[in-house]
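Trainee: sequence and computational prediction follow.
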Amino acid sequence: MPDATQAPSFDPPGFALPGLTLGVASAATQIEGGDADTNWHRWADVPGRIADGTTPRRAADHWNRVEQDTALLGELGIGHYRMGLEWARIEPSPGHFDRTAINHYRDELTALRAAGITPLVTLHHFNNPGWFEAAGGWEARHALTVFDRYVDYVLVNLGDLVDEWITLNEPNVYATKGWVDGDWPPGVSGSIRRAQKVMQTMAAAHIRTYLTIHRAWPRAKVGVANHLRAFAPKRRWNPLDRVSARGAEYLFQTALTRAFSVGRFLAPFVQPPDIDPGHYYDFQGINYYTRSSVTGLADGVARRVPVNDLGWEIHPAGLVEVARWTHERYPGPIWITENGTPDAADAFRPLFLHDHLKAIAGSGLPIERFYHWCFTDNFEWAEGEEPRFGLVALDYPTQQRTVRESGRFYADIIANRGVTAAAYRRWVLGRHYPRNDA
């Protein structure tokens, strides 16, 4: 930590981050561990569905280590923590709620607040109870009513401890991976129509939940964590690629963002008769990771660009691109609700942090929050435990936590409200991204 008696030096190559508050993010199914009966537990039990054969049952064992992890958040000076709730724990069977589970979350939220950490709570982060999934999930006729029941219970029992909410996480990713790619539950392949139906239902769920939260807790801040990508034609000279990039962008995020933000459902969606156009966000939550290079109908990665451990392009300018696009259409505060990179060796994560935060610093946009994904390594959905996104390294067999150098760098940024010249020299200078030049 810096010497409090000395002002930090932001001389080049450092930079200040006035007005930006930094935090970390996580999701219940990815860190809690245990035998919650979720769609992901059921999915992972079928051999071959998870790349490394792991399941969410181990994860980071956070359910049993809340006290330890809260202390570690405090040690790093993190004052904002995005966390998720496990719906399957709270409502293990239809209409039956578990007091032990909800009290566990009350205890966690109380501990966070006592430590000076503000929780941002996600109600749904790809995690359905097994019984909801078996009944059709978000395609079911009564999906909205069922979700309303869960939301009502959570608000009654946790609302006094939570001032900030995420209704849903990345509905476009959830629908695309589950109904188009087919490598996430429920495992449907090639059905763009059904994916669009799921996204429309989830947009309606967000609007209903936004209104419900504000009726119960008028001062709460409510938004959605919207996955946005920068889209570009792979061959910029090719008219088909240019048209395809615009089309992919529209189908993946443009129309959906409009529905979530202002309740206007443009084609291919249909305006629900019970939803009026309005203003349904208190902040624009953006999850940003990469740029998609589109050729024809294929969504891929450009050649000869920086990439991370999963082969995604590292494109910091895209974060500002999608934030500016959002702000021009739906003005208001912007919260980067997820941004991070898989880097098992922690070789380039400090550079990644530096470059994305520097892009924000020079953007002139009202970006108020930045949540790094993730706090600790976690169960990364269909990829299992192998991708390492954490500022804190996790040894899964022993559950030992070790703060990475990128985590120390992040703590220094928080303490100094920016990247000092000394921090740049210590953690960033000399680092380089891998490239896919081959």
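Mentor: Sure, I can see it.

Trainee: alpha carbons only for contacts and neighbour counts from here, please
Mentor: Fine.

Trainee: and the helices in the stretch 201-350 of the chain?
Mentor: Secondary structure of the stretch 201-350 of the chain (DSSP state H, counting those that start in this stretch): helices at 239-249, 255-262, 317-329, 349-361.

Trainee: list the contacts of the first one.
Mentor: Same thing as helix 239-249. Contact partners of helix 239-249, identified using CA atoms under 8 Å, 6 or more residues apart in numbering, comprise F231, A232, P233, K234, R235, R236, S293, V294, T295, G296, L297.

Trainee: just the buried ones among those, please.
Mentor: Among these, the ones that count as buried by 16 or more other CA atoms under 10 Å are F231, A232, P233, K234, S293, V294, T295, G296.

Trainee: and the third one, bridged to which residues?
Mentor: The partner list for P233 in beta bridges (DSSP bridges) reads V294.

Trainee: wait, it touches A298, no?
Mentor: No - in this structure, P233 is not within contact of A298 by CA atoms under 8 Å, at 10.4 Å.

Trainee: next, count neighbours for the closest residue to C374 other than its chain neighbours.
Mentor: The shortest distance from C374 to any non-neighbouring residue, by CA to CA, 6 or more residues apart in numbering, is to G390 (4.8 Å). Residues contacting G390 under the criterion other CA atoms under 10 Å number 29.

Trainee: my guess is G390 meets E380, correct?
Mentor: No - judged on CA under 8 Å, G390 makes no contact with E380 at a distance of 10.9 Å.

Trainee: looking at the contacts of helix 239-249, which is nearest G332?
Mentor: F231 (23.0 Å; CA to CA).

Trainee: tell me who's in contact with that closest one.
Mentor: A245, R246, A248, E249, R291, S292, S293, V294.

Trainee: can you read off the pLDDT for the third one?
Mentor: In this case it means A248. We note a pLDDT of 89 for A248 in this prediction.

Trainee: coming back round to it: any idea which of the contacts of F231 has the most stuff around it?
Mentor: In these, the most neighbours by other CA under 10 Å go to V294, 27 neighbours.

Trainee: show me the contacts for it.
Mentor: F231, A232, P233, K234, D241, R242, S244, A245, A248, G300, V301.

Trainee: any chance of those in JSON lines, plus distance to L112?
Mentor: What follows is these, written out as JSON lines (distance: CA to CA, whole Å):
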{"residue": "F231", "distance to L112": "38"}
{"residue": "A232", "distance to L112": "41"}
{"residue": "P233", "distance to L112": "44"}
{"residue": "K234", "distance to L112": "45"}
{"residue": "D241", "distance to L112": "48"}
{"residue": "R242", "distance to L112": "47"}
{"residue": "S244", "distance to L112": "45"}
{"residue": "A245", "distance to L112": "43"}
{"residue": "A248", "distance to L112": "40"}
{"residue": "G300", "distance to L112": "40"}
{"residue": "V301", "distance to L112": "39"}
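
Trainee: from those, pick the one nearest F126.
Mentor: Distances from F126 to these, taken by CA to CA, are shortest for A248, at 21.9 Å.

Trainee: quick one: find the helix or strand in this protein with the lowest mean pLDDT.
Mentor: Within the chain, no helix or strand scores below strand 298-300, which has a mean of 80 by mean pLDDT, DSSP states H and E.

Trainee: pull out the buried positions in that strand.
Mentor: By 16+ other CA under 10 Å, the buried positions in strand 298-300 come out as D299, G300.

Trainee: and it, what other elements does it pack with?
Mentor: Contacts defined by 3 or more CA pairs under 8 Å, 6 or more residues apart in numbering; DSSP states H and E place strand 298-300 against strand 291-295.

Trainee: try it again with 10 Å
Mentor: With contacts taken as 3 or more CA pairs under 10 Å, 6 or more residues apart in numbering; DSSP states H and E, strand 298-300 sits against strand 230-233, helix 239-249, strand 291-295.

Trainee: the last one to helix 317-329, inter-axis angle?
Mentor: If I follow you right, that is strand 291-295. Relative orientation of strand 291-295 and helix 317-329, computed by axes from the mean of the first three to the mean of the last three CA atoms, to 10 degrees: 90 degrees.

Trainee: do the second one as well
Mentor: Using the same axes, to 10 degrees, the direction of helix 239-249 lies 60 degrees away from that of helix 317-329.

Trainee: and W179, how far from A204?
Mentor: W179 is 19 Å from A204, where distance means CA to CA, to the nearest Å.

Trainee: quick one: which of the two has more around it?
Mentor: The neighbour comparison of W179 against A204 (other CA under 10 Å) goes to W179, with 24 against 21.

Trainee: who touches the closest residue in space to that one that isn't next to it in sequence in this structure?
Mentor: Among residues not flanking W179 along the chain, V188 sits closest, at 4.4 Å (CA to CA, 6+ apart). Applying CA atoms under 10 Å, 6 or more residues apart in numbering to V188 gives the contacts A175, T176, K177, G178, W179, V180, D181, G182, R194, A195.

Trainee: what residue ranges in the stretch 301-438 of the chain score low on pLDDT?
Mentor: The model of the stretch 301-438 of the chain has pLDDT under 70 over residues 438.

Trainee: which parts of it are strands?
Mentor: Residue ranges of the strands in the stretch 301-438 of the chain, as given by DSSP state E, counting those that start in this stretch, are 334-339, 367-373, 392-395, 400-403, 418-419.

Trainee: again, but for the stretch 101-250 of the chain
Mentor: Under DSSP E, counting those that start in this stretch, the stretch 101-250 of the chain gives strands at 118-124, 164-169, 221-227, 230-233.

Trainee: closest to G19 out of these?
Mentor: Closest approach to G19 among the strands of the stretch 101-250 of the chain (CA to CA): strand 118-124, 16.4 Å.
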